[in-house]
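Enquirer: pasting the sequence and the predicted model now:
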Amino acid sequence: MSVENYQREMIAAKSSNPNLDGLTSTSKTSVWRMMLYIMAYSIEQLAQLFTLHRTEIDTKISTQKTHRLPWIQSLYLNFQYGFQLIKETDLFDNTNATAEQIEASKIIKYCAVNESDTGREVIIKIATEKDEVLSPLEMDKMEAILEYTERVKGTGIPYRIINYLPDRLKLNIRVFRDPLVINAQGMDITTGKYPVQEALQEFMKELPFDGELRIQDLANKLEAITGVNMVSVDLAQSCWINATTNNYGDWTTIDVRRIPESGYFTIENYNDIKYEV
């Protein structure tokens, strides 16, 4: 509830109380109105604090219950490369470490945790970030992460860690353009930029890690561009790393939506975007 709503309720309560009939000023700066405003503001701030406290408590409960999926996710997001674990805990020894060193050691920037379809293992997808681009972690770092996993995971619970190169995404798109704004090569005539390519890059960044790519959402993103009248996504395909061969498999068609096997996508190229009037 807003400060104004609290204040209105107080004024209404005052009006129904005959003992306060002497408070008749309608000026917004009258003493009694200012006092009610201060009280309303204080109540509103207190309500915000209670809401924040409730949110923090709910978060702690969800992440601190051992072996729940949010707790497992927090294990990996809080992993510190180059730091020692405190014996018999999942906490790192940060003695004499600065806040900057601690933050730099948290090399897992993205993590998604799910149960397998059979429910017999926990699947953990991880990635880091290089030059603001999602990337897999190097193998020397994975050695430390796998050792960490063995020390902190629950007994009898198999963990499968996916640290793959991104799923490749290939798009055949027809963009129906306004020739007054965008030329036949897809360039904005005024700025010299390529707004469709930029919007696709933004779209990929906006996708949640291990989130669902929806073809309709992608089309909507492009149709919001100034100079784009209509978009037809004629074909969308993806391929991903085969865990056995460690190579990319065959391209498969995306029907409406898809969750990336690696947790994230990269667009193969922009060669199959055609601009029509």
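Expert: Yes, it's here.
Enquirer: going forward, measure contacts between C-alpha atoms and count neighbours the same way
Expert: Noted.
Enquirer: surely Ile185 touches Tyr275?
Expert: That one is not Ile; residue 185 is Gln. Yes - the pair Gln185 and Tyr275 passes the contact test of CA atoms under 8 Å, sitting 6.8 Å apart.
Enquirer: look at these two and report which has more neighbours.
Expert: Neighbour count, other CA atoms under 10 Å: between Gln185 and Tyr275, Tyr275 has more, with 20 against 11.
Enquirer: surely Phe92 and Phe83 touch.
Expert: Yes - here Phe92 reaches Phe83: they are 6.3 Å apart, a contact under CA under 8 Å.
Enquirer: what about the helices in the chain?
Expert: Secondary structure of the chain, counting by DSSP state H: helices at 3-15, 31-64, 69-77, 99-105, 139-152, 195-206, 215-223.
Enquirer: buried sites along stretch 213-223?
Expert: Using 16 or more other CA atoms under 10 Å as the burial criterion, the residues of stretch 213-223 that qualify are 213, 215, 218-219, 221-223.
Enquirer: I'd like the residues you listed written out as CSV, with distance to Glu100 added.
Expert: Formatted as CSV, those follow (distance: CA to CA, whole Å):
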residue, distance to Glu100
Leu213, 34
Ile215, 40
Leu218, 37
Ala219, 40
Lys221, 37
Leu222, 39
Glu223, 42
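Enquirer: out of the residues you listed, flag the one nearest to Asn271.
Expert: Using CA to CA, the shortest approach to Asn271 within those belongs to Leu222, at 16.2 Å.
Enquirer: tell me the spacing between the closest one and Gln185.
Expert: Distance of Leu222 to Gln185, given as CA to CA, to the nearest Å: 16 Å.
Enquirer: likewise Glu100?
Expert: According to CA to CA, Glu100 and Gln185 sit 45 Å apart.
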